[in-house]
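A.B. asks: Got a predicted structure here, sequence first:
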Amino acid sequence: MPDVSGLPEPFDPLGNGSVTTGPTVLKVKETFLSLSGNDAAIMDGDGNSMFKVEGKVFSLSGRRKILDPKGNVLGVLTEGFSCWLVCSRRKCHIGTEEESPLITVVKKGPCAFGVDILDKDGKEIGEAKGNWLDKDYDVTLHGVHVCTIRRKLLSLSSILFDDDTYGVLIGPNVDPALIALIVLSIDTIFNEDDSD
């Protein structure tokens, strides 16, 4: 994976108080055999559990929670869309149980292969772009390349069940739980487009 830069100041909009101190590797793996179909496991580079994502079984908003190993809720992800001319513009909201959205990940346009990352006031603070067919992309926040995401290809479960596993390299001063939710947001936005 290519190098990533770090932000000069900690970026922790979820308020978890946990940001990376150096380059950090995550493995984000969707859990195919779950009741909701929206569960995921997030591990560090050594395979140790860092977070767990639990989806609600019956949820029109696709609500998911990211939990630390002790079961504390660190953030919430919900799905949505907005009208953009005649076509819908897929998006996901990231926030806490008390406040949402703090971050919105929104598809650039109906035919675009990229997403914008917006703050709670709707101001663009970043983007993700890359090769959407291979699901390899780079994330910038505040003009700095903070994250590289690469899908691991041709595992038996990804072929049979369409569940993806991503290798994620995060630069310093970024909340890893937030990056995991951004990865899942992008996956949700473009997987929904694949099924249309």
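C.D. replies: Great, that's in hand. Residues are numbered from 1 along each chain as shown.
A.B. asks: Quick check: beta-bridge partners of the residue nearest to residue 168 when sequence neighbours are not counted?
C.D. replies: Spatial nearest neighbour of residue 168, chain neighbours left out: residue 26 (4.2 Å); criterion: CB to CB, 6 or more residues apart in numbering. For the C-beta atoms, the positions are set from N, CA and C on the backbone; glycine is no exception. With DSSP bridges as the criterion, residue 26 is bridged to residue 44, residue 168.
A.B. asks: so what pLDDT did residue 26 get?
C.D. replies: Predicted confidence (pLDDT) for residue 26: 93.
A.B. asks: Kindly tell me how buried the nearest residue to residue 12 once chain neighbours are set aside is, as a neighbour count.
C.D. replies: Distance criterion CB to CB, 6+ apart; nearest residue to residue 12, sequence neighbours excluded, is residue 175 at 4.6 Å. By the measure other CB atoms under 10 Å, the count of residues near residue 175 is 23.
A.B. asks: same deal with residue 48?
C.D. replies: Other residues close to residue 48 by other CB under 10 Å number 9.
A.B. asks: Return the distance of it relative to residue 25.
C.D. replies: Going from residue 48 to residue 25 by CB to CB, to the nearest Å gives 11 Å.
A.B. asks: ok, now residue 104?
C.D. replies: For residue 104, the distance to residue 25 - CB to CB - is 26 Å.
A.B. asks: And residue 145, by the same measure?
C.D. replies: Applying CB to CB, the value for residue 145 to residue 25 is 16 Å.
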